[in-house]
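*Asks:* the sequence isn't on hand, but the structure is:
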């Protein structure tokens with residue numbers, strides 16, 4: 001399994017995306033998004049996607065600048081992305097939400113008709129870095145999640161992410177799906193030939209499935225459980241349906257089972273309209289310190305606030321490099337060769 005320094009992985013990714021012929025700025029947005037996902041420990045949303053993205057970038061790349069504004073209000077805009085790349089689209093749409101929030105306290109962008117938007121946790125911190133509260137939600141992802149009490153695939157993972165600014169360090173961030181595990185993490189287990197842990201997959205008899213090959217081979221028999229699993233899955237199920245019913249119609253992407261989903265809601269909230277931002281950050285630090293002072297259980301080093309684990313992983317991987325599975329590295333090498341990009345020495 002290769003261990004790749006972050007700067008080399010990022011430079012390689014930028015070179016590969018640039019070689020597809022898309023605008024350089026967009027190539028760098030894509031490369032930075034994927035490699036930062038690996039850097040923070042979210043390998044399921046990292047460079048293993050790169051070979052999958054390349055063909056569509058070469059064949060029919062549609063720039064964000066061709067988007068269509070369907071509705072525009074002081075604090076809200078509804079946008080048809082016109083087939084734009086999802087990661088680029090959301091990255092650039094964030095600035096619209098922030099701009100509206102500066103004048104209207106809340107800025108919301110409802111977006112549809114874009115491709116895969118990657119790791120949601122990349123986006124809200126960009127809003128929080130502007131001194132605002134950020135939120136991004138998606139009624140999307142593959143339709144591979146079972147509703148509570150069933151093993152039929154009827155729900156999507158419905159990822160949601162939030163971020164708030166703080167005084168000490170980068171913004172605090174929560175990025176989660178409403179399934180027990182993200183689909184990309186299932187794929188990573190399959191990629192590495194590792195068994196699925198109990199509680200991830202379920203079959204029609206209500207039994208846990210550990211053989212990952214069944215996930216693709218038997219889609220009518222095997223599904224991912226909703227957040228909360230067999231005992232408390234009604235919570236993930238209910239939240240997933242609410243995300244569908246809020247984001248789907250408001251973005252005009254529709255709900256799963258209807259128009260199909262794929263809508264995105266971006267929200268920026270101007271803290272300064274409510275209180276002094278310095279006082280807000282002081283409140284956040286006091287809360288983080290209080291919760292973090294809780295005595296850890298045996299087997300735990302400390303109590304973390306949302307996003308602090310990612311920061312620890314970032315520091316570790318900057319120092320030690322990023323582990324890339326052999327299969328993924330070989331596929332990236334093939335993709336690079338096809339584009340005339342030289343692989344780095346590692």
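*Replies:* Received, thanks. Note that the structure is predicted; figures quoted are calculated from it, not measured. Numbering: from 1, shown residues only.

*Asks:* use CA for all of it now, contacts and neighbours both
*Replies:* Will do.

*Asks:* quick one: residues in contact with the worst-scoring helix or strand of the chain on mean pLDDT.
*Replies:* Least confident helix or strand of the chain, by mean pLDDT, DSSP states H and E, is helix 183-192 with a mean of 88. Applying C-alpha atoms under 8 Å, 6 or more residues apart in numbering, the contact partners of helix 183-192 are 43-45, 141-142, 144, 157, 195-196, 212-213, 325, 327.

*Asks:* so who does residue 18 touch?
*Replies:* 24, 27-28 are the contacts of residue 18 under C-alpha under 8 Å, 6+ apart.

*Asks:* got it, and residue 119?
*Replies:* Residue 119 neighbours (C-alpha under 8 Å, 6+ apart): 33, 37, 45.

*Asks:* am I right that the first one sits in a helix?
*Replies:* I take that to be residue 33. Yes. Under DSSP: H, G, I helix; E, B strand; the rest coil, residue 33 falls within a helix.

*Asks:* for residue 321, which non-adjacent residue is closest in space?
*Replies:* residue 5 (4.3 Å; C-alpha to C-alpha, 6 or more residues apart in numbering).

*Asks:* burial of the one you found, as a residue count?
*Replies:* 17 (other C-alpha atoms under 10 Å).

*Asks:* so it sits against residue 316, correct?
*Replies:* No. If you go by C-alpha atoms under 8 Å, residue 5 and residue 316 don't touch, sitting 11.2 Å apart.

*Asks:* doesn't residue 265 belong to a strand?
*Replies:* Yes. If the criterion is three-state DSSP, then residue 265 is within a strand.

*Asks:* for the closest residue to it other than its chain neighbours, helix, strand, or coil?
*Replies:* Leaving aside its sequence neighbours, residue 265 sits nearest to residue 110 (C-alpha to C-alpha, 6+ apart; 4.7 Å). Secondary structure, three-state DSSP: residue 110 is strand.

*Asks:* is residue 110 bridged to anything, and to what?
*Replies:* As for beta bridges, residue 110 partners with residue 78, residue 265 under DSSP bridges.

*Asks:* that one and residue 159, how far apart?
*Replies:* 15 Å (C-alpha to C-alpha, to the nearest Å).

*Asks:* neighbour count: the two, which is higher?
*Replies:* residue 110 (28 against 22).

*Asks:* I figured residue 39 hits residue 320, correct?
*Replies:* No. Using C-alpha under 8 Å, residue 39 makes no contact with residue 320, being 10.5 Å away.

*Asks:* in terms of neighbours, single out the busier of the two.
*Replies:* More crowded of residue 39 and residue 320, by other C-alpha under 10 Å: residue 39, with 26 against 13.
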